[in-house]
Structures are given as C-alpha cells and as structure tokens.
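Trainee: Quick one: sequence plus predicted model below, questions after.
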Amino acid sequence: MVKISNLDKSLSEHPFFEDMDAEIQKIIAGCARNERYEADAIIHHEGDKADRFYLVRGGVVSIELHVPGHEPVVMDSVHEGEVFGWSWIIPPYRNTYDARAVKLTRLVSLDAKCLRKKMKKNHELGYELLKRFIPVMAHRLSASRLQILDVFGSPKQKS
C-alpha cells in the first residue's frame, strides 16, 4: 500500500494543486490512491458511475466519445500535469465520455464520495477544488465544440 505521505508529495508537485494550502492538500490526500494503466486500457466508460477524478502523473489519456458502429471520436488528450474526470461534481455523477490510456499511464485517483463528504464539512476545500475544475470544464466544453465543428463543418455564412 502507498503511504499517504507519498501521495501528499504527489499532490503538492502536481500543477492542479499549485498554490493550494498544504493542510487542504493533506485532507485531499486522504481520498487518493495511485493507479497504473497499460496502453489501450479503459480507465472508465461513458455512463459509468463517476466515482473518481484523476491527476496524470505520466502518460497520456484519450478522452473519447463512443459512437455506435464507428471508431470512438477523440475529443481531447490529457497529458502529464493535467486532470480529467469532472463528472463527479455534478449529479447524477455519471461519466460523460470514455477515458483510455494511450500508453503506459500513471495516475493519482481521488475518491469522489470521500471528497464530497469532506467538501460538505470544509467549504474552503470545496471552493479550492471547484475553482480549479471550472477551467478544466470550460476546456472540455471548448474541445467538444471544436470537435463538433470538425465533424459537421463550419456553419454557412448568411448573405
């Protein structure tokens, strides 16, 4: 089992936690664990319960939209120093895409139930996490918009 102190260090060194109070990081570390995925391994499927979010420590994760009868549409790629998995914040807590390791990938995953419980007790923790996730959510929505434009083409200009 990984010692919490190692996870404290992993969190403090990750860009997502830059300038976050060390005490809040320790609270978060109590919900964390290390994970490893081989190339092409599915981390989670669209529609699955969103019970974790992830910090990429090494490797690449492909954010994909399942299209029945077709290859998945790659919406975005997540690299070392980035995060993915924001569906844990918003009920009904279901993943909105597939996540797949492109190559050997090392992650720190954070248990959503554990975090939501701690956020109810500590509003500063909730604020710190949400202010970091809003830009991630905005980026994913922008990437989705660009992908839709790519698939369906640019709208015709009015004359």
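Mentor: Perfect, thanks for sending it.

Trainee: Please compute how far stretch 24-40 lies from its chain's middle.
Mentor: Offset of stretch 24-40 from its chain centre (CA atoms, centre = their mean, to the nearest Å): 11 Å.

Trainee: and for that stretch, what are the contacting residues?
Mentor: The contact list for stretch 24-40, computed with CB atoms under 8 Å, 6 or more residues apart in numbering, reads 2, 4, 6-8, 10-12, 17, 43, 54, 57, 59, 100-111, 114-115, 118, 122, 124-125, 128-129. In short, each C-beta sits where N, CA and C put it, glycine included.

Trainee: What separates the first and last residues of it, distance-wise?
Mentor: 34 Å (CA to CA, to the nearest Å).

Trainee: Please name the nearest non-neighbouring residue to the residue nearest to the spatial centre of the chain.
Mentor: Taking CA atoms, centre = their mean, the centroid of the chain lies closest to F84, which sits 1.4 Å from it. Of all residues not flanking F84 in the chain, V78 sits nearest, at 4.7 Å (CB to CB, 6 or more residues apart in numbering).

Trainee: OK, contacts around that neighbour?
Mentor: 56, 60-63, 84, 99.

Trainee: just curious, which of those residues is nearest to V136?
Mentor: Distance ranking of the contacts of V78 against V136, using CB to CB, places F84 first at 7.6 Å.

Trainee: Report pLDDT for the closest one.
Mentor: At F84, the pLDDT value in this model is 93.

Trainee: OK, contacts around it?
Mentor: 53-54, 56, 61, 63, 78, 99, 136.

Trainee: any chance of the residues you listed in JSON lines, plus pLDDT?
Mentor: What follows is these, written out as JSON lines (pLDDT from 0 to 100):
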{"residue": "F53", "pLDDT": "93"}
{"residue": "Y54", "pLDDT": "96"}
{"residue": "V56", "pLDDT": "96"}
{"residue": "V61", "pLDDT": "98"}
{"residue": "I63", "pLDDT": "93"}
{"residue": "V78", "pLDDT": "94"}
{"residue": "A99", "pLDDT": "97"}
{"residue": "V136", "pLDDT": "75"}
